[in-house]
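Engineer: 3D model of this:
(2 chains, ligands or ions: 1)
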Amino acid sequence: MSRRLITALDIDGAGGHPAAWRGSEIDPAAILSGELAVRAVQRAEAAGVDLATFADALEAPADVPERVGARLDAIGLAARIAPVTDRIGLVPTLTVTHTEPFHLQASVATLDHISSGRAGWLVDVSSSEEAAAVIGRREPAPAAETWREARYVVDVSRRLWDSWEDDAIIRDAATGRFVDRERIHYVDFESPSFAIKGPSIVPRPPQGHPLTVVRVASEEALQAVGEADVVLLPGTADLADRLAAVRAAGSKPRVLISVSVLLDGNTANAVRRADGAEQLDHIGGVERLADLIAEWSQAGVDGIHLRPASLELDVPVIASKLLPLLRERRLAGPAVGRAVTLRTRLGLRHPANRYAVGGRQ
Amino acid sequence: MTKQIHLAAHFPGVNNTTVWSDPESGSQIDFASFRHLAETAERGTFDFFFLAEGLRLREVKGRIHDLDVVGRPESLTVLSALAAVTTHLGLAATVNSTFNEPYELAKRLATLDHLSGGRAAWNVVTSWDAFTGENFRRGGFLDKADRYVRAQESLRIVRKLWNSWTADDLVLAQQAGVFAREGAGAFADEGPHFDVRGRFGLPPSPQGHPVVIQAGDSDQGREFAAESAEVIFSRHGSFEAGQTFYKDVKARLARYGRAEESLKIMPAVTVVVADNDAEAEEKARHIREQQVSGPTAIVLAELLWGRDLSAYDPDGPLPSEDPVVGSGVTQGRVGFNDPGPIVAEWRAQAEANGWSLRETVINQQNRQTFVGSAATVAEAMNRHVQEDAADGFVLVPHLTPGGLDPFVDQVVPLLRERGVFRSSYAGTTLRDHLGLTR
Ligand SMILES: Cc1cc2nc3c(=O)[nH]c(=O)nc-3n(C[C@H](O)[C@H](O)[C@H](O)COP(=O)(O)O)c2cc1C
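Structural biologist: Residues are numbered from 1 along each chain as shown, chains lettered A, B, ... in the order given. Next up is the predicted model:
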């Protein structure tokens, strides 16, 4: 049986291939102005892709002259794209190991407000020496510890998103009250490494809880699956085992297989372009990829997260060939639909507010 | 020489200047409101758009203050979105230096600067108190005396990161395969507050790096501005206070080898414009009454007196007690360091005019800076600038999002006619607009 898959696109510099920025089709200055990302996301939106993720890390890209050695902050880039799109979900990567959780949740809530409920965050952790050194607040911590912390960060973020009830703003001219303070709550959160009083400074985001996405690339990351709405599983090896591990670890996240793709039906072209690529899960035409996607769907994934080798070369193919093919095979939903929240688009319910007392919500 | 006026638009904030009860008042959180005000400001060829920040909801007597607008979005994210719908307008974010790390500030602000083609600014504020600290890992870890020590060190590091790429480091040679020169962005710094090292991931933007704004009023704050800021957002909007402040701050610049033009002084001001002066006065009076309800009058008096005054009738006489400082009755907003003389003045005025407490607040505290016909307002604003009470103004409208429209439609054309304000943008970056060097 085939089913409608969630489709997601990753935005990373000029694309996943280290030399993608060198193609004659690319103006490398458009990486830093955000124009390249804008164009890719708009193409993906028009083709019916459900959401875009934005790669980031706290530290700068490695100091390798032949690679894109600069990177915009992912949430800034996602925000830049919000006003020029209206249906696609926007999911920037945020590293939660060093940044204040209170700031993180406020930024994600804000992205949700400015995008009318299309925001999520790809929660990442960092054990790197580099990230620890640029902040200088603490020593690098092992993955098990950073993922344990990440769970607390997601937990407190959801509490802070709930700290305002949906109807806290009353604008009651008769009593002169702008908000009903009975509907705004302290969270009084304590974890082993931080405490937050609350409430948030941002009213509850339109989605209640913007989408929490976790990439499970290690055993340790499984710890955070219980907090995830969506899990990304990178690579195709041992898919069944990894899928089972995620299903065992989490309540019911949507699981997306995350694959790097270089799309070109002409083998010679594809091979030429693949030169210098680090690792590609699929090189070649869209028919073969559609077959693989059908297999992954059979294996039980809920969707695909495509990491294109080049934004300028591969996203147009994804938009004009792959998505229509998946639609033909009833693996993807319609290209254009109503502008709805990202949660609605993915079939996730609007979360109840833990602080709301009976009857009001 | 005739000075050119600089103008900024402040998104209506969370104090009682903002009238949310008016039928024309829109959402303080929907992106459409931010967009409307930014587009109005850009139509008026303003220098920049400005967002304030508060990292904890205000409290009065231990409870969340509910009489004014509550709840705002996070500035840098909103401004990054506004970069998409504006082309020339500067985009200024107020961001605290106590509860952020310099690397993160540098990265987020530089991102905004790139996304906007060189239009970003950072308003460095230094709230350090334990009340705000309860939302952060380290709590209220900073002594008041250290707030500018940390701010200074933070700003120094942020600037070091912004300058960590030389002009030639970004190569972008596609054929040769060199994106950036090796070693671009390397930095290291160590001081009492920070010990950081590594690589910064963004080259200079079209304006070099974001403009730095400062808004603290203490002696330390002014010294910090004289040493490091390029714009001061001051609270001295009146002519006399403006001149005094202007003189004070500009005199400090020489010590740092800086020219007077390198620091622009832009006080927060409010404007009421109508067809003629009498109508404008009438309108201004009506707005003040909207701004100061009975309960709001009590809260504002509590801020001044530092005491719980809930037993008082706003329509009755002024409180008879003397004010106290640092009581914590009001949390999360700037209080008064020396309330005594202000209370004395309020008492004298109340007695002379037979005013109630509410009437006193309406008349003493909430007077708009510029009230009159468009010609009167343009004339007065120009006088403030030409006679060195200011270099420009940060306009704070009382209505969201349309509060700036009358000013842009009626006053801006007159300023242009006088040749003291641009008719179109000559440059593309905020530094261009402000006449600041890179
Ligand atoms: C006009 C004006 C606007 C200010 N806006 C903010 C603000 O939006 N957020 C904030 O945290 N502090 C704000 N402040 C506070 C100051 O920037 C500063 O951090 C605080 O007053 C302590 O410094 P000081 O003792 O030098 O005044 C503002 C101050 C002034 C004068």
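Engineer: from chain A, which residue is nearest to the ligand?
Structural biologist: Chain A approaches the ligand most closely through A:Ile201 (11.0 Å), counting by CB to the nearest ligand atom. Backbone N, C-alpha and C define where each C-beta goes, glycine included.
Engineer: got a list of contacts for stretch B:182-189?
Structural biologist: Residues outside stretch B:182-189 that contact it (CB atoms under 8 Å, 6 or more residues apart in numbering or on different chains): A:60, A:63, A:65, A:69, B:156-157, B:160-161, B:164-166, B:169-170, B:195-203.
Engineer: Kindly report the residues of the stretch 151-300 of chain B close to the ligand.
Structural biologist: Proximity of the stretch 151-300 of chain B to the ligand, by CB under 6 Å from any ligand atom, involves residues B:Ala215, B:Gly216, B:Asp217, B:Ser218, B:Gln220, B:Gly221, B:Phe233, B:Ser234, B:Arg235, B:Ala268.
Engineer: in its sheet, what does the longest strand along chain A sit against?
Structural biologist: Counting residues, the longest strand in chain A under DSSP state E turns out to be strand A:254-263. When pairing is defined by DSSP bridges, strand A:254-263 lines up against strand A:230-234 (parallel), strand A:282-284 (parallel), strand A:303-308 (parallel).
Engineer: right, so those: which one is the most enclosed?
Structural biologist: With neighbours taken as mean count of other CB atoms under 10 Å in any protein chain shown, the strands paired with strand A:254-263 reach their highest mean count in strand A:303-308, at a mean of 26.
Engineer: Please pull up the helix or strand immediately following that one.
Structural biologist: Using DSSP states H and E, the helix or strand that directly follows strand A:303-308 along the chain is helix A:311-317.
Engineer: contact partners of that following helix?
Structural biologist: Residues from elsewhere that reach helix A:311-317 (CB under 8 Å, 6+ apart): A:9, A:11, A:14-15, A:20, A:23, A:25-26, A:36-37, A:39-40, A:43-44, A:261-264, A:273, A:286, A:308.
Engineer: and the ligand, which of these contact it?
Structural biologist: By CB under 6 Å from any ligand atom, no member of the contacts of helix A:311-317 lies near the ligand.
Engineer: Produce a PyMOL select command limited to the buried residues of the residues you listed.
Structural biologist: Burial among the contacts of helix A:311-317 is assessed by 16 or more other CB atoms under 10 Å in any protein chain shown; the matching PyMOL selection reads:
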select buried, chain A and resi 9+11+14+15+20+23+26+36+37+39+40+43+44+261+262+263+264+273+286+308
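Engineer: what are the ranges of the helices in the stretch 1-150 of chain A?
Structural biologist: Using DSSP state H, counting those that start in this stretch, the helices found in the stretch 1-150 of chain A span residues A:29-33, A:35-47, A:74-81, A:101-114, A:129-135, A:143-162.
Engineer: Out of those, the one nearest A:Ala173 is which?
Structural biologist: Nearest to A:Ala173 among the helices of the stretch 1-150 of chain A is helix A:101-114; the distance by CB to CB comes to 23.9 Å.
Engineer: Give me the phi and psi angles of the closest residue to A:Arg204 other than its chain neighbours.
Structural biologist: What sits nearest to A:Arg204 in space, not counting adjacent residues and going by CB to CB, 6 or more residues apart in numbering or on different chains, is A:Trp164, at 4.3 Å. Geometry field for A:Trp164 lists phi and psi as phi -110, psi 130, criterion degrees, to the nearest 10.
Engineer: A:Ile171 reaches B:Asp22, doesn't it?
Structural biologist: One thing to correct before we go on: residue A:171 is Arg, not Ile. No. Contact criterion CB atoms under 8 Å: A:Arg171 and B:Asp22 do not qualify, at 10.6 Å.
Engineer: The closest residue to chain A within chain B in helix, strand or coil?
Structural biologist: Taking CB to the nearest CB, chain A has its nearest neighbour within chain B at B:Gly201, 2.9 Å off. Following DSSP: H, G, I helix; E, B strand; the rest coil, B:Gly201 is assigned to coil.
Engineer: so who does the nearest residue to it once chain neighbours are set aside touch?
Structural biologist: Distances taken as CB to CB, 6+ apart put A:Ala60 closest to B:Gly201, at 2.9 Å, once the chain neighbours are dropped. When contacts are counted by CB under 8 Å, 6+ apart, A:Ala60 touches A:Gly69, A:Ala70, A:Arg71, A:Glu130, B:Gly185, B:Gly198, B:Arg199, B:Phe200, B:Gly201, B:Leu202.
Engineer: any idea where the strands of the stretch 251-400 of chain B begin and end?
Structural biologist: Here the stretch 251-400 of chain B has its strands, by DSSP state E, counting those that start in this stretch, at B:264-269, B:271-274, B:330-331, B:370-373, B:392-395.
Engineer: circling back to that earlier point, quick one: buried ones out of the contacts of stretch B:182-189?
Structural biologist: A:60, A:63, A:65, A:69, B:157, B:160-161, B:164-165, B:169-170, B:196, B:198-203.
Engineer: Just send the helices of the stretch 1-150 of chain A back as TSV, with mean pLDDT and distance to chain B too.
Structural biologist: Formatted as TSV, those follow (pLDDT from 0 to 100; distance: least, CB to the nearest CB, whole Å):
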stretch	mean pLDDT	distance to chain B
helix A:29-33	98	5
helix A:35-47	98	8
helix A:74-81	98	4
helix A:101-114	98	4
helix A:129-135	97	4
helix A:143-162	98	9
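Engineer: follow-up on the earlier one: of all pairs in the residues of the stretch 151-300 of chain B next to the ligand, which one is the farthest apart?
Structural biologist: Farthest apart among these by CB to CB are B:Gln220 and B:Ala268. That separation is 20.1 Å.
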